[in-house]
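Enquirer: My questions are about this predicted structure, shown below with the sequence.
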Amino acid sequence: MENVAGTEQITASEKARQARKEWGERLLPFVGMFVFLVIWEIAVIILDVPTYLLPRPTEIFKTIIDKFDVIMHHTWVTAYEMILGYLLAIAVAVPLAVGITSYRRLDKFITPILLFFHTVTKIALAPLFLVWFGFGPFPKVLVAFLISFFPIVIDTAIGLRSISPEMIDLARSMGATKMQIFMRFRMPTALPYFFGGLKVAATLAVVGAVVGEFVGADRGLGYLLLVSNSNLDTALLFATIAALTSLGLILFYAIEVLEHFLIPWHVSRRVGTEHATM
């Protein structure tokens, strides 16, 4: 009995130590960011850098609080354009990736077209969209769609093609239909690649929405960046950049959480746990 009690005590102590270690690892990025901001604050004060060149983090934080309503108003506009373009990219890219990996003729027909549009600079297309579709949100959504579309379709297609021929032959020998092979073999194999493309596209969608707003808009974070830059309001400029960064991080980590729940079996999800237990 004493041995059992001692073992349970050691196990509880080990769990507590592991929990403290995990919390320490989670807090480490915030500690690093805090140290960076402190160094920034001290450097600006010591070097006496003018505010219009580089404001202190405390000034930026004060600007965020004072102009929170204005920043949030423009943030919602950019978030709407970004998310709509992102969802449209997923809705088009995934079926297209399935099609080009399932039908060789479709692959031969559409891949050169995709490569052509992929090599075209999206920023160069933004003024054309403005001429064709006006100053509304649609041109910004379209730019966000184009920029985030290609990582999704390319990574999804690579994932669908990554299954080994031996696995497909084994499934066919067991009487599996094409739909069963796709649902039970191809799709699970492609999910890690698919989520990789989603995470890359999440940050690019923000860029696409802002690029569209740079070309022509009267609201949105891209518009706010232009206004603050023309007024030499550097504190507001940095506050707007912080809002843009937050948008990209929120979407990125939302995909990260979804990936954690849908493919917990994948090695990319297990590596962190295995390292944490060492």
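Expert: Thanks, I have the structure now.

Enquirer: Tell me which residues touch Ile241, please.
Expert: For Ile241, the contacting residues are Leu225, by C-beta atoms under 8 Å, 6 or more residues apart in numbering. Quick note: C-beta positions are derived from backbone N, CA and C, even for glycine.

Enquirer: typed the wrong thing, it's Ile64
Expert: Contacts of Ile64 (C-beta under 8 Å, 6+ apart): 71, 239, 242.

Enquirer: so which strand or helix has it?
Expert: Applying DSSP states H and E as the criterion places Ile64 in helix 57-66.

Enquirer: Compute the distance from the centre of the helix or strand just after that helix to the centre of its chain.
Expert: Remark: after helix 57-66, the chain's next helix or strand is helix 68-102, criterion DSSP H and E. Between the centre of helix 68-102 and the centre of its chain there are 11 Å (C-alpha atoms, centre = their mean, to the nearest Å).

Enquirer: could you give the angle of helix 68-102 to helix 57-66?
Expert: With axes from the mean of the first three to the mean of the last three C-alpha atoms, to 10 degrees defining the directions, helix 68-102 sits at 90 degrees from helix 57-66.

Enquirer: Now do the buried residues in the helix holding Ile64.
Expert: With burial defined by 16 or more other C-beta atoms under 10 Å, the residues of helix 57-66 counted as buried are 57, 59-61, 63-64.

Enquirer: With stretch 118-130 instead?
Expert: The neighbour-count check on stretch 118-130 (16+ other C-beta under 10 Å) flags 122, 125-126, 129-130 as buried.

Enquirer: Quick one: residues in contact with it.
Expert: Here stretch 118-130 has contacts from 138-139, 142-143, 146-147, 150, 208, 211-212, 214-216, using C-beta under 8 Å, 6+ apart.

Enquirer: again, 7 Å this time
Expert: Contacting residues not belonging to stretch 118-130 are listed as 139, 142-143, 146-147, 150, 208, 211-212, 215-216 [C-beta atoms under 7 Å, 6 or more residues apart in numbering].

Enquirer: residues near Phe30, how many?
Expert: Other residues near Phe30 come to 9 when the count uses other C-beta atoms under 10 Å.

Enquirer: swap in Pro95?
Expert: For Pro95, the neighbour count with other C-beta under 10 Å is 12.

Enquirer: swap in Val94?
Expert: For Val94, the neighbour count with other C-beta under 10 Å is 19.

Enquirer: Let me see the contact set for it.
Expert: Neighbouring residues of Val94 by C-beta under 7 Å, 6+ apart: Thr156.

Enquirer: Flag the shaky bits of the stretch 51-200 of the chain, pLDDT-wise.
Expert: Residue ranges of the stretch 51-200 of the chain with pLDDT under 70: 121-122, 166, 169, 171, 175-176, 180.
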